[in-house]
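> my questions are about this predicted structure, shown below with the sequence.
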Amino acid sequence: MARRNLVGSRGLITGASSGIGKALAEELIRRRCRMIVAGRRTERLNELKKLGEDFGAEIIPFVGDLADPDARMQLAATARETLVALDFLINNAGMGALGRFEDMPPERLREVMELNFFGPVELTYEVLPLLKEGNRPIIVNVSSILGHRGIPWRSYYCASKFALQGFSESIRAEMSRHGIDVLVVSPGRTRTELFQGPLERGTEPAWPEPKPVSPQYVAQKTVQAMLRGKAEIVPHVWGAGMVLLSRFFPRLMDRILRRYA
């Protein structure tokens, strides 16, 4: 039985101009949601607004770089002014960072953490009063299977997702006092632009290449989990297997990963 009905609900999605965020926005537009879509690409956000008009959903584009604390505050203010209350908050904006630790100066980690961790934490804090006024509200933090298992060449990205995972687990119990669910989405390999950004360094090793899933698949699984009030999903069979292998056979996983270090 569904825990909530998202039709006509009010929400906010970050990182909505591409990948999983865009696919999530499209899924929720079909449910005629009234929501703010935040991202850096004006044209793509306007396309979502047009799609919303076709489905009878009110879409409010917000253009900004959420690695900037001021942009996060402006986004929260926009939510207060336009929506008054939130039924869902989807923290999806993020960046990748590829390279060996010894080749990545610590200031790179600050860049990654600013968007992947501090962004969701601060935005959640700022809009929490709006979530408390929402109808069966839910916080969705889009993490990664690399928030469960660290791998070579992505130490900074893994660190940011481990931090987001711990934050999400900590507030889940606290938010239950207010009737707010917390869902963590931990995708495996997905066809997105995540690791095509400015922090990529060098050529990574030849990893095994499991078939990637589409952003639309992840979005559909995420919306289903929101409806059912789940705590976490891993929408990738290979990714779920990796998480389980790491949990029950960590030394074996260590030996496997050494081959790609």
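Here it is on my side, so go on. Numbers count the residues shown, from 1 in each chain.

> mind listing the strands for this protein?
Using DSSP state E, the strands of the chain run over 10-13, 34-39, 59-63, 88-91, 138-142, 181-185, 232-233.

> adding distance to residue 99, write the ones you listed out as a markdown table.
Where you see a C-beta, it was placed from the backbone N, CA and C, and this is true even at glycine. Formatted as a markdown table, the strands of the chain follow (distance: least, C-beta to C-beta, whole Å):
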| stretch | distance to residue 99 |
| --- | --- |
| strand 10-13 | 29 |
| strand 34-39 | 25 |
| strand 59-63 | 29 |
| strand 88-91 | 25 |
| strand 138-142 | 23 |
| strand 181-185 | 25 |
| strand 232-233 | 28 |
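
> ranges for the helices of the stretch 101-250 of the chain?
With DSSP state H, counting those that start in this stretch as the criterion, the stretch 101-250 of the chain has helices at 106-113, 119-132, 155-175, 215-228, 237-248, 250-258.

> which among those helices is found nearest to residue 16?
helix 215-228 (11.0 Å; C-beta to C-beta).

> any low-confidence regions in the stretch 51-200 of the chain?
193-200 (pLDDT under 70).

> tell me which residues touch residue 64, please.
Residue 64 makes contact with 38, 40, 71, 74, 75 under the criterion C-beta atoms under 8 Å, 6 or more residues apart in numbering.

> and residue 136, by the same measure?
3, 4, 87, 179, 181.

> narrow the residues you listed to those that are buried.
4, 87, 181 (16 or more other C-beta atoms under 10 Å).

> list the contacts of the second one.
Right, the one you point to is residue 87. 4, 6, 9, 10, 11, 134, 135, 136, 137, 138.

> of the helices of the stretch 101-250 of the chain, which is nearest residue 59?
Here helix 215-228 is closest among these (C-beta to C-beta), at 15.6 Å.

> okay, buried residues for that closest one please.
For helix 215-228, by 16+ other C-beta under 10 Å, it's 215, 216, 217, 218, 219, 221, 222, 223, 225, 226, 227.

> of those residues, closest to residue 32?
residue 223 (13.4 Å).

> leaving out the residues flanking it, which one is nearest to the closest one?
Using C-beta to C-beta, 6 or more residues apart in numbering and skipping the chain neighbours, the partner closest in space to residue 223 is residue 27 (5.0 Å).

> distance of the nearest residue to residue 133 once chain neighbours are set aside from residue 4?
Nearest non-adjacent residue to residue 133, counting by C-beta to C-beta, 6+ apart: residue 85, 3.8 Å away. Plainly put, residue 85 is 14 Å away from residue 4 if you go by C-beta to C-beta, to the nearest Å.
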